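> here are the coordinates; sequence isn't available:
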Ligand code: DGY
């Protein structure tokens, strides 16, 4: 019997590619842009396994286009809001993601954004690079202190905790809201205090979002939440764009309801509304986990999941283990 047929929507990195070649007949999408949908629907046809990025919508239409031989979708991301997991489960298709390996890297990037917006780094870079900097001045590009301020975290999961851990070096006061309070030993380690969501919005100087995107969190930050924030506060979003109501954020920035924002994610990526292109907003093109080390590890996890599945083992980070029970 030949090797299973796998389609990967990205060429991945050398190490995962080598591993894949040992176990699968692999076809890669090699285009620089993400695969256009009609092409993708053709390319998945008849495949046994699919490695996808968060840019690919894995829905019933795509699963139908793949046909009955598709057994696993291994997403190279911890977030899996691009995948209709129930539709996969109904077809006995395993779905996996890449938790754990990107927490520290994403926390680093959250701090990159936080510091950049607080200390006006991007504006300063623009001034220095353009030649517009003609003299030092006492009140030039004065930002906001980070040290000693209050960091509010919404969602104290792995990434939220990694963000909180970094705050102690800045002597910050840490408050958080999560679906439930963290264990006392975690609160103690992080010096973090549980509060209601409203209180976190009201008291934070820097409010960082670390909830996954799902029905409960879509649009979580809207006009009411922004209105609760201090006029001097900053919103940091490295999770998923639709967690924030972008029009409400633009309105709040225009009216000075909050001091600024630093955003790695957007409602309709890669579209960034003009209203967000402001000096007091730092913008990044979804770079949270983008280090070579971490992106390689993410790809390796996806590959290991696919290999485990076809070896008859439980994929290490399966999201819908019921499919294993259902018999394949
Ligand atoms: C994820 O993994 O969900 C990130 O958004 C990309 O690394």
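Here it is on my side, so go on. Quantities reported herein were computed from a predicted structural model and do not represent experimental measurements.

> phi, psi of residue 286?
Main-chain torsions, residue 286, degrees, to the nearest 10: phi 50, psi 60.

> now do residue 80, the pLDDT please.
Looking at residue 80, its pLDDT reads 97.

> state the number of residues packed around the closest residue to it other than its chain neighbours.
Closest residue to residue 80 apart from its sequence neighbours, by C-beta to C-beta, 6 or more residues apart in numbering: residue 97 at 4.8 Å. (C-beta placed from N, C-alpha, C; glycine too.) By other C-beta atoms under 10 Å, 23 other residues sit near residue 97.

> how about the contacts made by residue 97?
Neighbour list for residue 97: 75, 77, 78, 79, 80, 317, 319 [criterion: C-beta atoms under 8 Å, 6 or more residues apart in numbering].

> nearest residue to residue 201 in space, please, no chain neighbours.
Counting by C-beta to C-beta, 6+ apart, residue 201 lies nearest to residue 228, which is 4.1 Å off, once chain neighbours are set aside.

> what sits against the one you found?
For residue 228, the contact set (C-beta under 8 Å, 6+ apart) comprises 198, 201, 202.

> pretty sure the second one is touching residue 220, no?
Same thing as residue 201. No. Residue 201 sits out of contact with residue 220 when judged by C-beta atoms under 8 Å, with a separation of 10.3 Å.

> can you report how many residues lie near residue 205?
Neighbourhood size, residue 205 [other C-beta under 10 Å]: 21.

> for the closest residue in space to it that isn't next to it in sequence, give its distance to the ligand.
Leaving aside its sequence neighbours, residue 205 sits nearest to residue 149 (C-beta to C-beta, 6+ apart; 3.9 Å). Noted for residue 149: a distance of 26 Å to the ligand, by C-beta to the nearest ligand atom, to the nearest Å.

> for residue 36, same thing?
Distance of residue 36 to the ligand, given as C-beta to the nearest ligand atom: 21 Å.

> what pLDDT does that residue get?
Looking at residue 36, the pLDDT reads 97.

> one more: residue 326?
Predicted confidence (pLDDT) for residue 326: 65.

> burial measure for residue 226, as a count.
For residue 226, using other C-beta under 10 Å, the count is 23.

> hang on, it packs against residue 248?
Yes. Residue 226 lies in contact with residue 248 (C-beta under 8 Å); the separation is 5.9 Å.

> report the secondary structure state of the closest residue to residue 199 other than its chain neighbours.
Sequence neighbours aside, residue 175 is the residue nearest to residue 199 in space, at 7.2 Å (criterion: C-beta to C-beta, 6+ apart). For residue 175, the assignment made with DSSP: H, G, I helix; E, B strand; the rest coil gives strand.

> report the secondary structure state of residue 86.
Residue 86 falls in the helix class when you classify it by three-state DSSP.

> now do it against the ligand, distance only.
19 Å.

> OK, contacts around that residue?
Under the criterion of C-beta under 8 Å, 6+ apart, residue 86 has no neighbours.

> measure it to residue 319 for me?
Separation of residue 86 from residue 319 (C-beta to C-beta, to the nearest Å) stands at 11 Å.

> do residue 12 as well
Counting by C-beta to C-beta, the gap between residue 12 and residue 319 amounts to 20 Å.

> give me the more crowded residue out of these two.
Between residue 12 and residue 319, counted using other C-beta under 10 Å, the more crowded position is residue 12 (24 against 20).

> count of residues packed around residue 197?
A total of 15 residues lie near residue 197 under the criterion other C-beta under 10 Å.

> actually, residue 242.
As a burial measure, residue 242 scores 18 neighbours (other C-beta under 10 Å).

> residue 312 now?
Burial of residue 312 is recorded as 8 neighbouring residues (other C-beta under 10 Å).

> quick one: it is in a helix?
No. Counting by three-state DSSP, residue 312 is not part of a helix but coil.

> out of residue 201 and residue 220, which sits in the more crowded spot?
Neighbour count, other C-beta under 10 Å: between residue 201 and residue 220, residue 201 has more, with 23 against 18.

> quick revisit: how about the residue nearest to residue 205, what does it touch?
Each residue near residue 149 by C-beta under 8 Å, 6+ apart is listed here: 170, 172, 173, 205, 206.

> just the residues you listed now: which is nearest the ligand?
Of all these, the one with the least separation from the ligand (C-beta to the nearest ligand atom) is residue 206, at 20.2 Å.
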